[in-house]
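Participant: here is a sequence with its predicted model. Questions after.
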Amino acid sequence: MNAYEHLIPARRREVARVSLHALGAHRADHRRLDVRCSRSHHVAAVYDTSSGLVYAASAGTQAHGSRARVDTPHHGDRHGAEHVDLLTEIDTRVMDDRLPAWCGCGPRTLSRADLRRAIADGERHVQLL
């Protein structure tokens, strides 16, 4: 059994957020997988952290990548927030395998199992169709 498998989703995402933040400014050095759409928009990434693999995807419509200026609407709400989660193996009878993602083409759904399989196969980049 995975050490984080028993955590409720909100707590699992908080562990992921803290672990990702701990990587600091050089988190790209810890990237295990980069996911892009067919138009080369950044969709998501998986990082190796002290808590295991962490999935991170920009939430909302901001699709400029990590080096671009974040879109900020008139009232200061931030569209460029991240959805993060531990990429643990899960019991799909109890939890959903799908992870939310976004790019300039629109919202997407990625499979936790497919991302884990790509990493296990040694892939560094995944291009979505």
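Facilitator: Good, I have the coordinates. Numbers count the residues shown, from 1 in each chain.

Participant: any chance you could map the helices in this protein?
Facilitator: Under the criterion DSSP state H, helices of the chain are mapped to 9-22, 112-120.

Participant: just give me the residue closest to the centre of the chain.
Facilitator: Ala56 (2.1 Å; CA atoms, centre = their mean).

Participant: about what we covered before: next, format the helices of the chain as a markdown table and append mean pLDDT and mean neighbour count.
Facilitator: All C-beta spots, glycine's among them, are computed from the backbone N, C-alpha and C. What follows is the helices of the chain, written out as a markdown table (pLDDT from 0 to 100; neighbours: other CB atoms under 10 Å):
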| stretch | mean pLDDT | mean neighbour count |
| --- | --- | --- |
| helix 9-22 | 93 | 16 |
| helix 112-120 | 95 | 16 |
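
Participant: the residue nearest to the centre of the chain: what's it in contact with?
Facilitator: 20, 44-47, 82-84 (CB atoms under 8 Å, 6 or more residues apart in numbering).

Participant: and which of the residues you listed is nearest His30?
Facilitator: Tyr47 (4.8 Å; CB to CB).

Participant: where are the low-confidence patches of this structure?
Facilitator: 1-6, 60-80, 90-95 (pLDDT under 70).

Participant: and if we set it to 80?
Facilitator: For the chain, applying pLDDT under 80 flags the ranges 1-7, 59-80, 89-96.

Participant: would you convert the helices of the chain into TSV that also reports distance to Leu33?
Facilitator: Formatted as TSV, the helices of the chain follow (distance: least, CB to CB, whole Å):
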stretch	distance to Leu33
helix 9-22	14
helix 112-120	5
